[in-house]
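In: Output the structure for:
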Amino acid sequence: MLRGMNVQSNCIIVFLICTIPVAAQTLSVSGGSGAPGSTVALSISLSSSGSTQLAGVQWDLTYPSTVLSPAPGTYWARGTAATAAGKQASCNLVKPGDIRCLVTGFNSTSIQDGVLATVTLQISASTTSTSAQVNLTGTSGTDSSGSPITMTGSDASITIDQPTGTASVLSIAQLASGGGWDTTLTLVNTGGAASEATLNFFDNDGNPLQLPLTFPQTPSSASQLVASTLDQTLNANSLLLMDSQQPGNPNTQVGSARLLTNGNVGGFAIFKYLQTGQEAVVHLQTSNAPSYMLAFDNTGVLATGLADVLQIAFLRGRIPEQNRWKALKQRGSTKTRFCVSVPDCLFATHPNAVEKRHGKSS
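Out: Take a look at the predicted model:
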């Protein structure tokens, strides 16, 4: 102890402000483009900074369900970054417009930057939109100990390549492939300039129909294709031949086709039953009448099949849902009427039939 001495102490307090880097984990989705009815593969990629290492990732891919949907079959695949880390990828449709994906594995290996997975979406064949937004939401991750890691997600746009110029919509009401049936399609550009043509195939429920196609005009090594949509540019005064037969398939695929074109492209289909040699020609045509009269004969042992001639109009939204037509037929009848607006159109039978339209008998 010091006595009789005045001791003065000076203290300086120093505040240190430190900036600590925060690890940023980001998921991004690639964009893409395609014509109505085609598929687009989207890549989901990881980009990270800092020392935090991911061992598992989850996200939701959201999109407008009226324009996009999961492609038929397995619509996701594991990416290179997930494969390198020994992880598995799986996706599940939570609801229309929302696909939830998970990348994880039975190991603690860190996932490096790169593509985690690809998700393939189908563009609606009937959409008139020129783009669709896709978003990554609900992004989350875990480290090797299972602790949660905050992540962010980005969005992207899919460009929808609608036919340029004034588009014509034509349809083939019937086609068949497999089970002894062979359909040959011919597209012809009678115009003086090249034209775009998009051909879509549909099953009897209006869903995309995957058909195997061969192209007799091209070398055999490059003439095989399985698709529900075909995009082609036809030069002036040229034609394109396609054939769908499936000789080894005992099951018959039945449906219809729609052609969108910005030029003078038309054509026809010839479908043949190989066992008997019977064949029929169906022309690409466009129709927008309020009703159609078709003759048929169901008497005795005869039976007549009626093709869904207005299906394409419904798919394009040209006929409102509430005005769906009905095909009304009766055994012993010789004609039937397809009606756009059912209350305005009843069916007629033979003989002594009364046909009623707009409340008036005739």
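In: Quick one: residues in contact with the helix or strand in which Leu213 is found.
Out: Element membership of Leu213, judged by DSSP states H and E, is strand 211-214. Identification of contacts with strand 211-214 by CB atoms under 8 Å, 6 or more residues apart in numbering yields 177, 201, 223-228, 230, 242-246, 253. From N, CA and C alone the C-beta is placed, and that goes for glycine too.
In: where's Ser38 relative to Ala24, distance?
Out: 35 Å (CB to CB, to the nearest Å).
In: Next: Thr128.
Out: Noted for Thr128: a distance of 39 Å to Ala24, by CB to CB.
In: picking up where we left off before, pick the one among the contacts of strand 211-214 closest to Lys95.
Out: Lys95 has its nearest neighbour among these in Ser228, at 23.6 Å by CB to CB.
In: what's around the closest residue in space to that closest one that isn't next to it in sequence, how many residues?
Out: In this structure, Ser228 finds its nearest non-sequential neighbour in Pro208, 3.7 Å apart by CB to CB, 6 or more residues apart in numbering. Residues near Pro208, counting by other CB atoms under 10 Å, number 23.
In: Who are the contact partners of Pro208?
Out: So Pro208 contacts Gly37, Pro72, Gln122, Ala125, Asn200, Phe201, Phe202, Ser228, Thr229 (CB under 8 Å, 6+ apart).
In: Give the single residue among those positioned nearest to Pro219.
Out: Distance to Pro219 across those (CB to CB) is lowest for Thr229, with 22.5 Å.
In: Return the residues in contact with that closest one.
Out: Ala35, Pro36, Gly37, Ser38, Ala125, Thr198, Leu199, Asn200, Phe201, Pro208 are the contacts of Thr229 under CB under 8 Å, 6+ apart.
In: Flag whichever of those residues scores worst on pLDDT.
Out: Lowest pLDDT within these is found at Ala125 (82).
In: Secondary structure element for that one, which one?
Out: Ala125 belongs to no helix or strand, assigned by DSSP H and E.
In: Same question for the one 10 residues further on.
Out: Counting by DSSP H and E, the secondary-structure element that holds Asn135 is strand 131-142.
In: helices and strands around that strand, which ones?
Out: Judged by 3 or more CB pairs under 8 Å, 6 or more residues apart in numbering; DSSP states H and E, the packing partners of strand 131-142 are strand 24-29, strand 56-62, strand 148-150, strand 152-153, strand 155-160.
In: Now it: average pLDDT?
Out: 94.
In: just the angle between it and strand 24-29, please?
Out: 150 degrees (axes from the mean of the first three to the mean of the last three CA atoms, to 10 degrees).
In: buried sites along strand 131-142?
Out: Ala132, Val134, Asn135, Leu136, Thr139, Ser140, Gly141 (16 or more other CB atoms under 10 Å).
In: Can you read off the pLDDT for the closest residue to Ala117 other than its chain neighbours?
Out: Nearest residue to Ala117, sequence neighbours excluded (CB to CB, 6+ apart): Ala89, at 4.3 Å. Here, the pLDDT recorded for Ala89 equals 95.
In: Please enumerate residues in contact with the helix or strand hosting Ala89?
Out: Secondary structure assignment for Ala89, by DSSP H and E: strand 88-95. Strand 88-95 is contacted by residues 60-61, 70, 75-79, 82, 99-105, 116-117, 119 when judged by CB under 8 Å, 6+ apart.
In: In contact with Ala156, which residues?
Out: Ser28, Val29, Ser30, Gly31, Leu42, Gln133, Val134.
In: buried subset of these?
Out: The neighbour count (16+ other CB under 10 Å) marks Val29, Ser30, Gly31, Leu42, Val134 as buried among the contacts of Ala156.
In: Format those as TSV; extra columns: distance to Asp182.
Out: TSV is the format used below for the buried ones among the contacts of Ala156 (distance: CB to CB, whole Å):
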residue	distance to Asp182
Val29	42
Ser30	39
Gly31	39
Leu42	36
Val134	39
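In: Farthest-apart pair in the residues you listed, please.
Out: So, those by CB to CB: farthest apart are Ser30 and Val134, at 9.2 Å.
In: Give me the common contacts of these two.
Out: Contacts common to Ser30 and Val134, judged by CB under 8 Å, 6+ apart, are Leu42, Ala156.
In: Comparing Ser38 and Ala24, which shows the higher neighbour count?
Out: Neighbour tally, Ser38 and Ala24, criterion other CB under 10 Å: the higher count belongs to Ser38, 23 against 13.
In: which non-adjacent residue is nearest that one?
Out: Going by CB to CB, 6+ apart, Ser38 has Thr229 as its nearest residue, at 4.6 Å.
In: Neighbours of the nearest residue to Gly56 once chain neighbours are set aside, how many?
Out: Leaving aside its sequence neighbours, Gly56 sits nearest to Thr104 (CB to CB, 6+ apart; 3.9 Å). A count of neighbours around Thr104, defined by other CB under 10 Å, yields 18.
In: picking up where we left off before, pick out the lowest-pLDDT one from the buried ones among the contacts of Ala156.
Out: Gly31 (90).
In: so who does that residue touch?
Out: Contacts of Gly31 (CB under 8 Å, 6+ apart): Leu42, Val134, Ala156, Ser157, Ile158, Thr159.
In: Switch these over to a markdown table; also include distance to Ser147.
Out: Putting the contacts of Gly31 into a markdown table (distance: CB to CB, whole Å) gives the following:
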| residue | distance to Ser147 |
| --- | --- |
| Leu42 | 29 |
| Val134 | 29 |
| Ala156 | 29 |
| Ser157 | 34 |
| Ile158 | 35 |
| Thr159 | 40 |
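In: mind saving the C-alpha coords of stretch 193-211 as CSV?
Out: What follows is stretch 193-211 as a C-alpha-only set of coordinates in CSV (Å, rounded to 0.1, in the frame of the first residue of the first chain):
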residue,chain,number,x,y,z
ALA,A,193,-41.8,-19.9,-98.1
ALA,A,194,-40.6,-22.1,-95.3
SER,A,195,-43.2,-22.7,-92.5
GLU,A,196,-43.1,-23.8,-88.9
ALA,A,197,-45.2,-26.9,-88.0
THR,A,198,-45.8,-28.3,-84.5
LEU,A,199,-47.6,-31.7,-84.4
ASN,A,200,-49.0,-32.8,-81.1
PHE,A,201,-50.4,-36.3,-80.3
PHE,A,202,-53.2,-36.9,-77.7
ASP,A,203,-54.8,-40.0,-76.3
ASN,A,204,-58.6,-40.4,-76.0
ASP,A,205,-58.5,-38.5,-72.6
GLY,A,206,-56.7,-35.5,-74.1
ASN,A,207,-53.4,-36.3,-72.5
PRO,A,208,-50.1,-36.3,-74.4
LEU,A,209,-49.6,-39.5,-76.3
GLN,A,210,-46.0,-40.8,-76.7
LEU,A,211,-45.7,-42.5,-80.1
